[in-house]
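Asks: here is the input, now give the coordinates:
(chains A and B)
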Protein chains: 2
Amino acid sequence: MATKTALTPPKAAISATTADRRQAQLEALIAAAEKRICESGTLSLKARDLAADIGVALGGLYNIVQDMDALLLLVSSRTLARLGEAAQTATGHLPMTTRAEAIERLVAVAHTYLAFARENLPLWRMIFELRLDSPLPDWAAQDQLRLFRHIGEPLHVIMPDLDTLALTVRARTLFAAVHGIISIGLEERLIAVPPQKLADEIAWLTRAACQ
Amino acid sequence: MATKTALTPPKAAISATTADRRQAQLEALIAAAEKRICESGTLSLKARDLAADIGVALGGLYNIVQDMDALLLLVSSRTLARLGEAAQTATGHLPMTTRAEAIERLVAVAHTYLAFARENLPLWRMIFELRLDSPLPDWAAQDQLRLFRHIGEPLHVIMPDLDTLALTVRARTLFAAVHGIISIGLEERLIAVPPQKLADEIAWLTRAACQ
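Replies: Alright, predicted model coming up:
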């Protein structure tokens, strides 16, 4: 089945035209899935609807992706790539030579994450709701781990005594803490930090944790 | 419909025997829901199965609770009550006269929350997955807000300059941060803080935020 998935693109055996058409169909399918997730959430996503959206039969859809998990993983991966670009654009140029600079860069990364979550709420939620039946493929794991450099690099300046493993754990702790505040906050639950206080509270926590 | 729910218990018009029987059925129904949530999660919970579990017809179930949302809210409320008892038992006796004592009491509260989440994983998850179609009833809101005293009381000793509103926001920030670390951690996602590091990292974050 491996040649059917987008995870291992077809090569020599298939003509360029077929490969191009397949890639175009895959792009259309991902776009259709993103649109439906934004409109009505991930739970109500149906293969049959997506097949209709891009004008193929249900069986044809499974010539484009192996199954719905593979499609959701591609959607999630695209969202994460956009998050990485947003972090790079908003914070990549900020200095982090001194400890104080590195702390403010980390605050900027946290604020970029908040803005991205707000602007991409259904797609952002989907990343964390995704429960795969099979292990995460290596390329998807690498996608996720690579993003942590936006936290790990300034954190290394702030906590130079931590070894690589401890720094990895600490970066995950800070990420999960900020994620928790944003996640409960954007759901506007009773117990949430109010939306208009989110940016301030995230900045407070990041600075306090790094002092 | 209000008289059908457990939220407004029937009184004078119904004999003590009927009220007792109704209460016993409600207890059985909550216990059946808890059992099924622990075994197979909240998403697969069906009114028909629960009616069979407690030996009533499907229509009879709606004489006990108004709808599934009302039942899930009662289950959630019971879990929160047990969490409150756990916090009281594990930390209520700890001193918080000095700032240092108050910080360590807050760490103990966070560790109690971690232990409770680990030991009650499906019921704990359910509280945060619950999406009600109608506003949270006042009694349930009060249940949730009351729990925050376990954070707010030590925090008031640690941050005596904060006014009531700022203290409320800060308590929610700390709660959501610790909740985020535990929530991603117990799902054992790729990017999670490893399970064996959770207690240490939560303690680190709590102490760092309070210094």
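Asks: burial count for the residue in chain A that chain B sits nearest to?
Replies: Across chain A, the shortest distance to chain B (CB to the nearest CB) belongs to A:G180, at 1.7 Å. Every C-beta, even on glycine, is put in place using the N, C-alpha and C of the backbone. By the measure other CB atoms under 10 Å in any protein chain shown, the count of residues near A:G180 is 22.
Asks: I'd assumed B:R172 was in contact with it.
Replies: No: between A:G180 and B:R172 there is no contact under CB atoms under 8 Å: 10.6 Å.
Asks: pick out the residue nearest the middle of chain A.
Replies: The residue lying closest to the centre of chain A (CA atoms, centre = their mean) is A:L80, at 2.7 Å.
Asks: which non-adjacent residue is nearest A:A115?
Replies: Of all residues not flanking A:A115 in the chain, A:A86 sits nearest, at 7.6 Å (CB to CB, 6 or more residues apart in numbering or on different chains).
Asks: other residues contacting whichever strand or helix holds the one you found?
Replies: When secondary structure is defined using DSSP states H and E, the element that contains A:A86 is helix A:68-91. In this structure, residues lying in contact with helix A:68-91 by CB atoms under 8 Å, 6 or more residues apart in numbering or on different chains are A:5-7, A:26, A:29-30, A:33-34, A:37, A:42, A:45, A:47, A:50, A:65, A:105, A:108-109, A:111-113, A:115-116, A:120, A:123-124, A:126-127, A:130, A:132-134, A:136-137, A:139-140, A:143-144, A:146-147, A:150.
Asks: and for stretch A:120-137?
Replies: With contact meaning CB under 8 Å, 6+ apart, stretch A:120-137 is reached by A:7, A:34, A:37-38, A:41-42, A:69, A:72-73, A:75-76, A:79-80, A:82-83, A:116-117, A:144, A:183, A:186, B:184, B:190.
Asks: narrow these to just the buried residues.
Replies: With neighbours counted using 16 or more other CB atoms under 10 Å in any protein chain shown, those contain these buried positions: A:34, A:37, A:42, A:72-73, A:75-76, A:79-80, A:83, A:116-117, A:144, A:183, A:186, B:184.
Asks: now the helices: where do they sit in chain A?
Replies: Chain-ordered helices for chain A, with DSSP state H as the definition, fall at A:16-40, A:47-53, A:58-64, A:68-91, A:99-119, A:121-129, A:138-147, A:149-158, A:164-186, A:198-210.
Asks: what's the angle from the fourth one to helix A:138-147?
Replies: Orientation note: helix A:68-91 sits at an angle of 20 degrees relative to helix A:138-147 (axes from the mean of the first three to the mean of the last three CA atoms, to 10 degrees).
Asks: same deal with the fifth one?
Replies: Orientation check (the same axes, to 10 degrees): helix A:99-119 against helix A:138-147 gives 130 degrees.
Asks: packing partners of helix A:99-119?
Replies: When contacts are defined as 3 or more CB pairs under 8 Å, 6 or more residues apart in numbering or on different chains; DSSP states H and E, helix A:99-119 sits against helix A:68-91, helix A:149-158, helix A:164-186, helix A:198-210.
Asks: switch to 10 Å and redo it
Replies: helix A:68-91, helix A:121-129, helix A:149-158, helix A:164-186, helix A:198-210 (3 or more CB pairs under 10 Å, 6 or more residues apart in numbering or on different chains; DSSP states H and E).
Asks: can you redo the ones you listed as TSV with mean pLDDT?
Replies: Compiled in TSV, the helices and strands packed on helix A:99-119 are given as follows (pLDDT from 0 to 100):
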stretch	mean pLDDT
helix A:68-91	96
helix A:121-129	94
helix A:149-158	98
helix A:164-186	97
helix A:198-210	97
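Asks: closest to B:K197 out of these?
Replies: The stretch from the helices and strands packed on helix A:99-119 with the least distance to B:K197 (CB to CB) is helix A:164-186; that distance is 5.4 Å.
Asks: centre of the chain to that closest one, how far?
Replies: Helix A:164-186 sits 14 Å away from the centroid of its parent chain (CA atoms, centre = their mean, to the nearest Å).
Asks: tell me the angle it makes with helix A:121-129.
Replies: 130 degrees.
Asks: what residues sit buried inside helix A:164-186?
Replies: If you call a residue buried by 16+ other CB under 10 Å, then helix A:164-186 has these buried ones: A:167-186.
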